[in-house]
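1. Here you go, sequence then predicted model.
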Amino acid sequence: MKRDMYYVFILGTAGSGKTTLTKNLQDYLLDQEMDTAVINLDPAVEHLPYTPDFDVRDYVDAYEVMQNYHLGPNSSLIASIDLILTKASEIKSEIDQIEANYVLVDTPGQIELFAYRDTGRLISQLIRGNNKALGLFLLDSFLAKEARSFISLLLLSSSIKFRLDLPIINILNKIDLLTEKELEQILAWGDNAENLIDELGRLDEYSLELVNLLIESLSYNLIPMSSEEGKGFNELYAEIQRVIAGGEDYL
Ligand code: GDP
Ligand code: MG
């Protein structure tokens, strides 16, 4: 019988550091003597810092799709992911061979796949099967330091949570790009909606309620990390274990 496997979907806007975190989280988990495997779902990536156990590029080539269907780069990536579903049974049987404690899934930057289209949910279900799963959503510090962008990123994260129907851990990534003061400020926003509301100035009632709700649902899991500088991995690992232990009840 196969042992328990946990699927960790690594999500976030293009350039937020998903691929780098996938590599560094795998190294971290290996140090904890956890067996890990990695799935690459990005059909357009040219260079990977890790060796994938499953690589979507073996099934679809975004550049071929672009030429064959006369599409631009963004729509060809979205079409590539749709095409993956036409090869579901082959993919499933390859993925079924994977055995590991943790399976890290590196996702493409086209976040609309996961936020606005059903494809992301179908693919995540295809991949994880009946195994437990969670998502990590990366907020790029460079964007998050602006209050309104911070809110937009949290909305995106909520949208992905809603689509995938998975527990999501939010990560403030690339904190090495922030001054100490900027980091403190972002963490204070995440801690208490009042801090964020002060920063935003006058707000209509709808926005006020929205901000309160977003921060309320966040307050216990915004994890500051710099995956390049190896910061925050212990906290992330503890949170992952908490989510796994909490199962479906975890919000
Ligand atoms: P992806 O598009 O989300 O997969 O992002 P990548 O992992 O490819 O990273 C995009 C860029 O951000 C690369 O230039 C990385 O070197 C850089 N990057 C990733 N993680 C960090 C980090 O923790 N700190 C800093 N400063 N840069 C990072
Ligand atoms: Mg990537």
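-> Good, I have the coordinates. Ligands and ions are numbered 1, 2, ... in the order given.

2. When you work out contacts or count neighbours from here on, use the C-alpha atoms and nothing else.
-> Will do.

3. How many neighbouring residues does the residue nearest to residue 85 when sequence neighbours are not counted have?
-> In space, and not counting its chain neighbours, residue 85 is closest to residue 123: 7.1 Å by C-alpha to C-alpha, 6 or more residues apart in numbering. Neighbourhood size, residue 123 [other C-alpha atoms under 10 Å]: 20.

4. what does stretch 24-38 contact?
-> Here stretch 24-38 makes contact (C-alpha atoms under 8 Å, 6 or more residues apart in numbering) with 22, 51-54, 98-106, 227-228, 230, 233.

5. if we go to 10 Å?
-> 5-8, 18-23, 49-55, 98-106, 227-230, 233-234, 236-237 (C-alpha atoms under 10 Å, 6 or more residues apart in numbering).

6. How about stretch 172-189?
-> Counting by C-alpha under 10 Å, 6+ apart, 16-18, 21, 137-142, 144-147, 150-151, 190-191, 194-199, 215, 219, 221-229, 231-232 sit against stretch 172-189.

7. Just checking the distance from the helix or strand hosting residue 159 to the centre of its chain.
-> Using DSSP states H and E, residue 159 sits in helix 147-164. Relative to its parent chain, helix 147-164 has a centroid offset of 11 Å by C-alpha atoms, centre = their mean, to the nearest Å.

8. Kindly report the same for stretch 187-196.
-> That offset, for stretch 187-196, works out to 22 Å (C-alpha atoms, centre = their mean).

9. Report the buried residues of it.
-> By 16 or more other C-alpha atoms under 10 Å, the buried positions in stretch 187-196 come out as 187, 189-191, 193-194, 196.
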